[in-house]
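Asks: need a 3D model of the sequence below.
(one chain, ligands or ions: 1)
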Amino acid sequence: MTLPRAASIVILTGAGISAESGLRTFRDANGLWENHRVEDVATPEAFHHNPALVHRFYNERRRSLPSVQPNAAHLALARLERERPGEVLLVTQNVDDLHDRAGSRNLVHMHGELLKGRCLACRAVLDWPGDMDADSRCPACRRGQLRPHIVWFGEVPLEMERIYRALEGCALFAAIGTSGHVYPAAGFVEAVGPEARTVELNLEPSRVADAFQEHRSGPATELVPAFVAELLARR
Ligand code: BJW
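Replies: The predicted structure follows:
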């Protein structure tokens, strides 16, 4: 794939990129939604009605993070950002910290971060590596209750202006390991400019696969390092 030297790139990632690190996806067999109903754990209403259940769901996932490691796909995307002269914006729907640990810095966590909490009173966003429960209090204002810093259904994802600006100006948009079920991320491929190239990398075609010009099929740890090597070879 040939791109102008300083052309900018936007990459969208989903749960599939972390699957080979050992984190479960949402909608695949044995996915997170197989044991939990979305509306019981991933909506503001669920948190209001049963905060203990929602905290338990996110505490379990937060506890699993230290034992998993970034894989070859996360590392390749960090290398792309480091070595390409043009801007590489990585937009992830994932709430794990594997892109951060791989070294990506121009990174938007559009659905929030497992290792952060948000104060319901003063709205401060805080690092929160341990368990959270209804008694957890905000260290900034010392009175507010905390919730996971996660974007639930019906809430507006983070940094949308920055993302759409980058999509409009990019020369290449690639979506990796995401099923195309959840908006607005599933619609990003339609938000790029008319000249932009669009590529989907996934084990199987996503729900919005028809909107992409090119498809690469296979596991992320194989596809992504090869894709990055191609982009870096033809600078
Ligand atoms: C591999 C692999 C390997 C496996 N290698 N690949 C338009 C139409 C219809 C509905 C809506 C709409 N706009 C908004 C909505 C409502 C709603 C929505 O989309 N509903 C649909 C379900 C119908 N969206 C919202 O409510 C969003 N907010 C919103 O729209 O606000 C309005 C607004 C937007 C913009 C501007 C202004 C206003 C918020 C969505 C929040 C999503 N939250 C969740 C849960 C919280 C985080 C958490 O608990 O972790 O985020 S839902 C869940 O799905 C999670 C994920 O980030 C997200 C996407 O899932 P993902 O990553 O695609 O995972 P899977 O499991 O679905 O797919 C895995 C893929 O990997 C598969 O394709 C596999 O093939 C592949 N794979 N192994 C390569 N080794």
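Asks: now do the SS call for Ala229.
Replies: Three-state call for Ala229 (DSSP: H, G, I helix; E, B strand; the rest coil): helix.
Asks: just give the nearest non-adjacent residue to it, would you?
Replies: Ala76 (7.8 Å; Cβ to Cβ, 6 or more residues apart in numbering). All C-beta atoms are positioned from the backbone trio N, CA, C, and that covers glycine.
Asks: please, which helix or strand holds the one you found?
Replies: helix 72-83 (DSSP states H and E).
Asks: quick check: next helix or strand after that helix?
Replies: Next helix or strand after helix 72-83 toward the C-terminus (DSSP H and E): strand 88-92.
Asks: partner strands of that following strand and their direction?
Replies: Sheet partners assigned to strand 88-92 using DSSP bridges are listed as strand 9-13 (parallel), strand 107-109 (parallel).
Asks: chain center to that strand: distance?
Replies: Offset of strand 88-92 from its chain centre (Cα atoms, centre = their mean, to the nearest Å): 9 Å.
Asks: the inter-axis angle of that strand versus helix 72-83?
Replies: Using axes from the mean of the first three to the mean of the last three Cα atoms, to 10 degrees, the direction of strand 88-92 lies 150 degrees away from that of helix 72-83.
Asks: mean confidence score for strand 88-92?
Replies: Average pLDDT, strand 88-92: 98.
Asks: does that strand reach the ligand?
Replies: No. Residues of strand 88-92 are not located near the ligand by Cβ under 6 Å from any ligand atom, the shortest gap being 8.2 Å.
Asks: ok, residues contacting that strand?
Replies: Strand 88-92 is contacted by residues 8-14, 17, 77, 80-81, 99, 104, 106-111, 162-163, 166, 170, 185, 188 when judged by Cβ atoms under 8 Å, 6 or more residues apart in numbering.
Asks: let's see that with 7 Å instead.
Replies: By Cβ atoms under 7 Å, 6 or more residues apart in numbering, the surrounding residues in contact with strand 88-92 are 9-13, 77, 80-81, 99, 104, 106-110, 163, 166.
Asks: next SSE downstream of that strand?
Replies: helix 98-102.
Asks: need the strands paired with strand 88-92 in JSON lines (columns: mean neighbour count).
Replies: Shown next, in JSON lines, are these (neighbours: other Cβ atoms under 10 Å):
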{"stretch": "strand 9-13", "mean neighbour count": "25"}
{"stretch": "strand 107-109", "mean neighbour count": "21"}
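Asks: who wins for proximity to the ligand among these?
Replies: The ligand lies closest, by Cβ to the nearest ligand atom, to one member of the strands paired with strand 88-92: strand 9-13, at 7.7 Å.
Asks: would you format the strands paired with strand 88-92 as JSON lines with distance to His48 and mean pLDDT included?
Replies: Output for the strands paired with strand 88-92, formatted as JSON lines (distance: least, Cβ to Cβ, whole Å; pLDDT from 0 to 100):
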{"stretch": "strand 9-13", "distance to His48": "30", "mean pLDDT": "98"}
{"stretch": "strand 107-109", "distance to His48": "23", "mean pLDDT": "98"}
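Asks: as a check, name the ranges of all strands in the protein.
Replies: For the chain, the strands defined by DSSP state E occupy 9-13, 88-92, 107-109, 112-119, 125-127, 146-150, 172-176, 197-202, 214-217.
Asks: then the longest one to CSV, C-alphas only?
Replies: In this case it means strand 112-119. Presented in CSV, the C-alpha positions along strand 112-119 are these (Å, rounded to 0.1, in the frame of the first residue of the first chain):
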residue,chain,number,x,y,z
GLY,A,112,-12.9,4.9,28.5
GLU,A,113,-10.3,3.1,30.6
LEU,A,114,-10.7,0.2,33.1
LEU,A,115,-7.8,1.6,35.2
LYS,A,116,-9.6,4.9,35.8
GLY,A,117,-12.5,6.1,37.9
ARG,A,118,-14.7,9.1,37.6
CYS,A,119,-16.2,11.1,40.5
